[in-house]
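Visitor: I would like to see how this sequence folds:
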Amino acid sequence: MRTNDRYFTLLFSAFLIPSILWLLSFPTTTVEHHAYPLLVYASQLLAIVGFTLFAISFILTSRIKPIEKYFGGLDKLYKKHQHIGKIAFILLLLHPILLSLRWFPENIEKMFWFLLPLHKKIEVNLGSWALIGLTILLALTIVVKLPYDKWKITHKFMGLIFLVGIIHLFSINNFYANNFYLAIYLSLISIVSLTAFIYKSIFEKWLVKKHPFIVTKIQNLNDQVMEVSLKNSSIEFEYIPGQFCFFQFIHNDISMESHPYTICGGSTEGEIRVLIKSLGDYTTNLHEKLTLNTAALVEGPYGYFDYRKGKNKQVWIAGGVGIAPFISWSRDFKNHDISALDIDFYYCVNNTAEAYHLHEFEKLEKSLPNFHLFLSCSDRTGFINGKDINNTKDRTIYICGPSEMSKSLTKDFKAANIKEDNIIFEDFDFM
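Guide: This next block holds a predicted model:
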């Protein structure tokens, strides 16, 4: 089953199961002011489906391996988490709006005041406060776009908002007594999602295995990108070329934030290398303060970006530091018989100075007759598009680079009737 099919199966189940359980105990309205039953029932259904999706969004962020595998990689999983969270918010927002329509059009002012926490019953006010809190946090994420470290702090309040939502749900109009089977279902999913949130927010740092590494080499490839080599004394750490890990560097002048970087191979046993580009406050500080012999904790690996699962005929497209998994793959060639592979590799950069490790791929092209290198420099030919890529039919296309590049190329390929299953990309814009 394809990743999108699995996602839509989850989404469909999240709509279907609570709806069926709601129908088993078909509710009667107790809302006053002569509200139409249709509005009340629609409001209730949207509320329980929205609540279910909100709960699922917590479970998806737990980084549990089986869940990651189900969605085809952590980057895909986090994208689905974001999508589900937005759908949940819309449904939960429609819940009070539909109830407020009972005053339309006679009393527009009362409609507005109904959406605020100014009710006589505290349990109703809790629902209003939860929705206001959710609106603020999503605005900080989507509209303001806080820096990652600030966003991570604000996102921890999601658990509190969810807890307030649970209290609101189960204290409204004897909900548990009137909707027994639905209440059992929502109780179970609430427990699982709260457990996932508490695990991720509090206990993960103690329960998740993190491998100890030491920084052994720092090479500045240019003013913005450095390649860091790390050594692990144990032999427990294994990864598939193309996978990424979350790295924490233990240094007095560096934050203990955890950031994802793709492993781009290593020259000796127990060594890994990563490319780190200066993009924000954290990575800029990392460029300035990281020193040799700095200890690091490495969580993972994650991801399913693997050339060995593709067809024999492949197209690789890398942009900027998105070259990392392709470096890892090319260094893995010595461990496998790749004589059957036919690879067209498009290396996309702003200028030749940014073509890190270009010599490795040039050497590979000379030694492998079926490996073809194409360097695309935007300062000469503009940004690459789907029409610039030749021989894409019936090939597996791997893309890793800036989100804008991946989206643009994917759109071009789909317009050219290339099967979605043949387009595989790794998206680091999920953090």
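
Visitor: Not including adjacent chain positions, what is the nearest residue to residue 59?
Guide: In space, and not counting its chain neighbours, residue 59 is closest to residue 196: 4.7 Å by C-beta to C-beta, 6 or more residues apart in numbering. Glycine gets a C-beta too; all of them are placed from N, C-alpha and C.

Visitor: mind exporting the helix or strand hosting the one you found as PDB, just the C-alpha atoms?
Guide: Here residue 196 is covered by helix 180-198, with elements defined by DSSP states H and E. C-alpha atoms of helix 180-198 as PDB (Å, rounded to 0.1, in the frame of the first residue of the first chain):
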ATOM      1  CA  PHE A 180     -21.300   5.000  26.400                       C
ATOM      2  CA  TYR A 181     -19.600   3.300  23.500                       C
ATOM      3  CA  LEU A 182     -18.300   6.600  22.000                       C
ATOM      4  CA  ALA A 183     -17.100   7.600  25.500                       C
ATOM      5  CA  ILE A 184     -15.100   4.400  25.800                       C
ATOM      6  CA  TYR A 185     -13.500   4.900  22.400                       C
ATOM      7  CA  LEU A 186     -12.600   8.500  23.100                       C
ATOM      8  CA  SER A 187     -11.300   7.600  26.600                       C
ATOM      9  CA  LEU A 188      -9.000   5.100  25.100                       C
ATOM     10  CA  ILE A 189      -7.700   7.400  22.300                       C
ATOM     11  CA  SER A 190      -7.300  10.200  24.900                       C
ATOM     12  CA  ILE A 191      -5.200   7.900  27.200                       C
ATOM     13  CA  VAL A 192      -3.000   6.800  24.300                       C
ATOM     14  CA  SER A 193      -2.400  10.300  22.900                       C
ATOM     15  CA  LEU A 194      -1.700  11.800  26.300                       C
ATOM     16  CA  THR A 195       0.700   9.000  27.000                       C
ATOM     17  CA  ALA A 196       2.400   9.700  23.700                       C
ATOM     18  CA  PHE A 197       2.700  13.400  24.500                       C
ATOM     19  CA  ILE A 198       4.000  12.800  28.000                       C
END
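
Visitor: Can you give me the buried ones in that helix?
Guide: 182-183, 185-186, 189-190, 193-194, 196-197 (16 or more other C-beta atoms under 10 Å).

Visitor: I'd like those residues as TSV, with distance to residue 47 and pLDDT appended.
Guide: Output for those, formatted as TSV (distance: C-beta to C-beta, whole Å; pLDDT from 0 to 100):
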residue	distance to residue 47	pLDDT
182	11	88
183	13	88
185	14	93
186	10	93
189	14	95
190	14	94
193	16	94
194	18	92
196	21	90
197	20	89
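
Visitor: ok, of these, which one's closest to residue 89?
Guide: Of all these, residue 89 sits closest to residue 193, with 15.5 Å by C-beta to C-beta.

Visitor: give the contact list for that closest one.
Guide: By C-beta atoms under 8 Å, 6 or more residues apart in numbering, the contact list for residue 193 reads 54-56, 58-59, 162.

Visitor: Okay, and which of those map to helices?
Guide: If you go by DSSP state H, the contacts of residue 193 have 54-56, 58-59, 162 in helices.

Visitor: Could you give me the PyMOL selection string for whichever of those are buried?
Guide: Of those, the buried ones go into a single PyMOL selection, burial set by 16+ other C-beta under 10 Å:
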select buried, resi 54+55+56+58+59+162
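
Visitor: of all the ones in helices among the contacts of residue 193, which comes closest to residue 15?
Guide: Nearest member of those to residue 15, counting by C-beta to C-beta, is residue 56, at 11.3 Å.

Visitor: rewinding a little: Throw the contacts of residue 193 into TSV and include pLDDT and distance to residue 75, thanks.
Guide: TSV is the format used below for the contacts of residue 193 (pLDDT from 0 to 100; distance: C-beta to C-beta, whole Å):
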residue	pLDDT	distance to residue 75
54	95	22
55	95	22
56	95	18
58	90	19
59	92	17
162	93	24
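
Visitor: Which one of those is nearest to residue 360?
Guide: For the contacts of residue 193, the residue nearest residue 360 by C-beta to C-beta is residue 59; the value is 40.8 Å.
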